[in-house]
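Trainee: Any chance you could fold what I've pasted below:
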Amino acid sequence: MQVTFTPEGATVDAHDLGPLLGIIPADVPAKMRAGEITSQSEQGVDEDEGRTRLTFWYKDQRIRLICGPDGTVLKTTRITAAR
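Mentor: Predicted coordinates:
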């Protein structure tokens with residue numbers, strides 16, 4: 001899985017994110033616009049310098065992607081957790 005970084009932020013393809021959230025990819029954009037899927041981006045510091053942590057919430061799920069500087073996803077976690 002690859003994340004694209006732009007000056008506006010990080011982009012994850014709906015075909016990658018949908019299955020992680022348990023929904024079909026075509027539903028991802030509408031659910032994001034409606035606020036049903038929310039996200040947060042954090043930049044690493046100190047020993048995590050150059051890495052980005054992306055967190056997505058949908059219903060009772062939290063998906064977290066740890067990305068390298070080139071956008072390669074290094075680690076993915078999925079847990080049940082209310083925001």
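Trainee: Only C-alpha atoms from now on, for both contacts and neighbour counts.
Mentor: Noted.
Trainee: What residues sit buried inside the longest helix that the chain contains?
Mentor: Longest helix in the chain by number of residues (criterion: DSSP state H): helix 14-21. Buried residues in helix 14-21, counted by 16 or more other C-alpha atoms under 10 Å: Ala14, Leu17, Gly18, Leu20, Leu21.
Trainee: tell me the mean pLDDT for stretch 71-83?
Mentor: For stretch 71-83, mean pLDDT is 88.
Trainee: Check the offset of it from the chain's centre.
Mentor: Averaging C-alpha positions (C-alpha atoms, centre = their mean, to the nearest Å) puts stretch 71-83 7 Å from its chain's average.
Trainee: circling back: I'd like to know which elements the following helix or strand past the longest helix of the chain is packed against.
Mentor: Using DSSP states H and E, the helix or strand that follows helix 14-21 towards the C-terminus is helix 28-33. Using 3 or more C-alpha pairs under 8 Å, 6 or more residues apart in numbering; DSSP states H and E, the elements in contact with helix 28-33 are helix 14-21, strand 37-43.
Trainee: Can you list the neighbours in contact with helix 28-33?
Mentor: Helix 28-33 has contacts (C-alpha atoms under 8 Å, 6 or more residues apart in numbering) with Ala14, Leu17, Gly18, Ile37, Thr38.
Trainee: Once you drop chain neighbours, what's closest to the third one?
Mentor: Same thing as Gly18. Once flanking residues are discounted, Gly18 sits nearest to Pro25: 4.4 Å by C-alpha to C-alpha, 6 or more residues apart in numbering.
Trainee: on that earlier part again, I'd like the contacts of helix 28-33 written out as JSON lines, with pLDDT added.
Mentor: Formatted as JSON lines, the contacts of helix 28-33 follow (pLDDT from 0 to 100):
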{"residue": "Ala14", "pLDDT": "95"}
{"residue": "Leu17", "pLDDT": "94"}
{"residue": "Gly18", "pLDDT": "95"}
{"residue": "Ile37", "pLDDT": "96"}
{"residue": "Thr38", "pLDDT": "95"}
